[in-house]
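Peer 1: next input, structure requested:
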Amino acid sequence: MESERKTTGGMKAREDMREHRMEVAALQEAMWNVDAVVKGDRGEEVIDFRTQAPGYRGLGFYMSRASRDRLVSTRVINERVAAMRFRVLHEEKGAADVAMINAYAPPILVKSMVSFKRLVKE
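Peer 2: Numbers count the residues shown, from 1 in each chain. Reported below is the predicted structural model:
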């Protein structure tokens, strides 16, 4: 993420996540034109992955400060899928990595799948 821009979308996402006391959230249809990391005044971050693919509006993640401190890596797999890995600690079992996957299915695709499943059942 070379570009670090403060955008209205990033600030709004941070405010919403703070209000709901979210630790981590997958963001979809972020509508940003750049790869960006937007940092909040409390240490939280919004990471956005832009896409050049027509019809897709980008994926991202929100992380609280505590979650950001445990972040190991982020990765874009394709226009619809991004992932991030966190290191978590367990008092008895030690450290382990936990992956969070952000998979986007456009609403039209979801509606088509639901319709198809209903058709198959009938």
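Peer 1: helix, strand or coil: sort out the residue nearest to Met31 when sequence neighbours are not counted for me.
Peer 2: Leaving aside its chain neighbours, Met31 sits nearest to Arg57 (4.8 Å; criterion: C-beta to C-beta, 6 or more residues apart in numbering). For the C-beta atoms, the positions are set from N, CA and C on the backbone; glycine is no exception. Counting by DSSP: H, G, I helix; E, B strand; the rest coil, the backbone at Arg57 sits in coil.
Peer 1: do you know how far Arg57 is from Glu44?
Peer 2: Distance of Arg57 to Glu44, computed by C-beta to C-beta, to the nearest Å: 22 Å.
Peer 1: for Ala82, same thing?
Peer 2: Ala82 is 18 Å from Glu44, by C-beta to C-beta.
Peer 1: more neighbours: which of those two?
Peer 2: In this view Ala82 and Glu44 are compared by other C-beta atoms under 10 Å, and Ala82 has more residues nearby, 26 against 21.
Peer 1: so what touches the helix or strand where that one lies?
Peer 2: Secondary structure assigned from DSSP states H and E places Ala82 in strand 81-90. Here strand 81-90 makes contact (C-beta atoms under 8 Å, 6 or more residues apart in numbering) with 24, 47, 49, 59-61, 67, 70-77, 95-104.
Peer 1: can you say which of those are buried?
Peer 2: Listed as buried from the contacts of strand 81-90 are 24, 47, 49, 59-61, 67, 70-71, 74, 100, 102, 104; burial here means 16 or more other C-beta atoms under 10 Å.
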